[in-house]
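> how would this look folded up:
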Amino acid sequence: MQATTVRPGTRRSWPRVLGVGLLLWLATAVVTVLTGNINLIPTLVLLGAFLVPATFVIWALERWQDEDLTAATVVRAFLVGGLLGVLGAAVLEAYLLHPSPWLFGGVGLIEESVKLAALALVTRHLPHRHATDGIVLGAAVGFGFAAFETAGYAFNALLTVRGLSVGAVVQTELLRSVLAPVGHGLWTAILGGLLFQGLQRGRWLSGRLVIGLLWVSFLHALWDSSHELAVVITFVLTATTRQVQLLQAGYLPPASPAQVHLFTVLSLASLGVVAVLGLLTLWGVTRSARADDARVGSLPRRYAPGYRYG
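Okay, here's the model as predicted:
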């Protein structure tokens, strides 16, 4: 995608939103700990969960907004699409998934499918469907999904056997915020581009979209199972005879410092590989979407030389 031309002197607001939001979130955490005021916990959870996703929405609007990709459209995709995705995934996972070796694959397929369906639903009345717009709107749905999901994880982290843990909330939201750009937002951006490419040809369902859905579901499953895969690989490579015997007897063998280190490296490496694969896929879809927009003569006007929005 190509950015709109920025007026001289125009300052982007998304860095300020991110910076001020981060300071407010940290201040909320500190005040909550110092005062013990549990009334601040919802503020802490929601601010931390929505800060990075909302920053993306502002960045997208500043970079790509035009007469077709309006603020209302992007915000609707973020809020309505994200919430519909979370609700749909919760229902389907509750009734369709059971403990099995294929659990992570099922989670990935369900969540990516419902986000795709939510995107199709909230964009069904768009007068023009540029393939490049599908990438932005798909990312908006994915980031909305991630925001609501992070809020749920943060509330779960808050509740411990020792009472309420603000530290666990901060750790959970920090980790998920750092990883958000290469998670749900990235995967649904890929699907959004493929969906809108098919719609330009008059097809809601295309072979490329089905393959893309299976691919991002696979990436999602690898992402979710990174810790489990790291445990298995570490055990296969470094397990001692005593550890194998304990495991066969039904006991969880203690890990050595070297094994803990290898597990950490493998976990981070697997997340990095999934992120790189996702980014490369998005790069390919973006190039293809731009080419399709140009081929059918529907390249958004914002890509014209010297175009300025507003």
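
> so where do the strands sit in the chain?
For the chain, the strands defined by DSSP state E cover 159-160, 163-164.

> among those strands, which comes closest to Ile190?
Nearest to Ile190 among the strands of the chain is strand 159-160; the distance by CB to CB comes to 34.5 Å. Just so you know, the C-beta spots here come from the backbone N, C-alpha and C atoms, and that holds for glycine as well.

> neighbours of Pro15, just the number please.
Around Pro15 there are 12 other residues, counting by other CB atoms under 10 Å.

> any chance of the strands of the chain in JSON lines, with distance to Gln259 too?
As requested, those are exported to JSON lines (distance: least, CB to CB, whole Å):
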{"stretch": "strand 159-160", "distance to Gln259": "27"}
{"stretch": "strand 163-164", "distance to Gln259": "32"}
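
> and these, which one is worst for confidence?
When the strands of the chain are compared on mean pLDDT, strand 163-164 scores lowest, with a mean of 76.

> now what about that strand, what contacts it?
38, 41, 158 (CB atoms under 8 Å, 6 or more residues apart in numbering).

> now with 7 Å?
38, 158 (CB atoms under 7 Å, 6 or more residues apart in numbering).

> likewise stretch 150-162?
Contacts for stretch 150-162 (CB under 7 Å, 6+ apart): 41, 45-46, 48-49, 164-165, 168-169, 172-173, 176.

> hang on, the earlier thing: in CSV: the strands of the chain, plus mean neighbour count.
Putting the strands of the chain into CSV (neighbours: other CB atoms under 10 Å) gives the following:
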stretch, mean neighbour count
strand 159-160, 11
strand 163-164, 11
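
> wait, which of the ones you listed is closest to Gly144?
strand 159-160 (24.4 Å).

> count the neighbours of Val236 for me.
Residues within reach of Val236, counting by other CB under 10 Å, total 8.

> residue contacts, Leu61?
71, 74.

> please repeat the previous calculation with a cut-off of 10 Å.
Counting by CB atoms under 10 Å, 6 or more residues apart in numbering, Leu61 makes contact with 13-14, 69-71, 73-75, 136, 140, 309.

> can you check Thr238 too?
Counted by CB under 10 Å, 6+ apart, Thr238 has contacts 255-256, 258-259, 262-263.

> 6 Å - rerun?
Counting by CB atoms under 6 Å, 6 or more residues apart in numbering, Thr238 touches Gln259.

> what distance do you get for it to Ala249?
Using CB to CB, to the nearest Å, one gets 19 Å for the distance from Thr238 to Ala249.

> in the stretch 51-200 of the chain, what spans have low per-residue confidence?
161 (pLDDT under 70).

> returning to what we had before: now the buried members of the contacts of Leu61.
14, 69, 73-74, 136, 140, 309 (16 or more other CB atoms under 10 Å).

> and which of these is nearest Pro127?
Among those, and counting by CB to CB, the member closest to Pro127 is Thr73, at 10.5 Å.

> out of the contacts of stretch 150-162, list just those in helices.
Using DSSP state H, the subset of the contacts of stretch 150-162 located in helices is 41, 45-46, 48-49, 168-169, 172-173, 176.

> just the closest of those to Trp215, please.
Relative to Trp215, and with distances defined as CB to CB, the nearest of the ones in helices among the contacts of stretch 150-162 is Arg176, at 22.8 Å.

> that older thread, between which two of the contacts of stretch 150-162 is the distance greatest?
Spanning the widest gap among those are Leu164 and Arg176, at 19.0 Å by CB to CB.

> Ala131 contacts Phe196, doesn't it?
Yes - counting by CB atoms under 6 Å, Phe196 is a contact partner of Ala131 at 4.5 Å.
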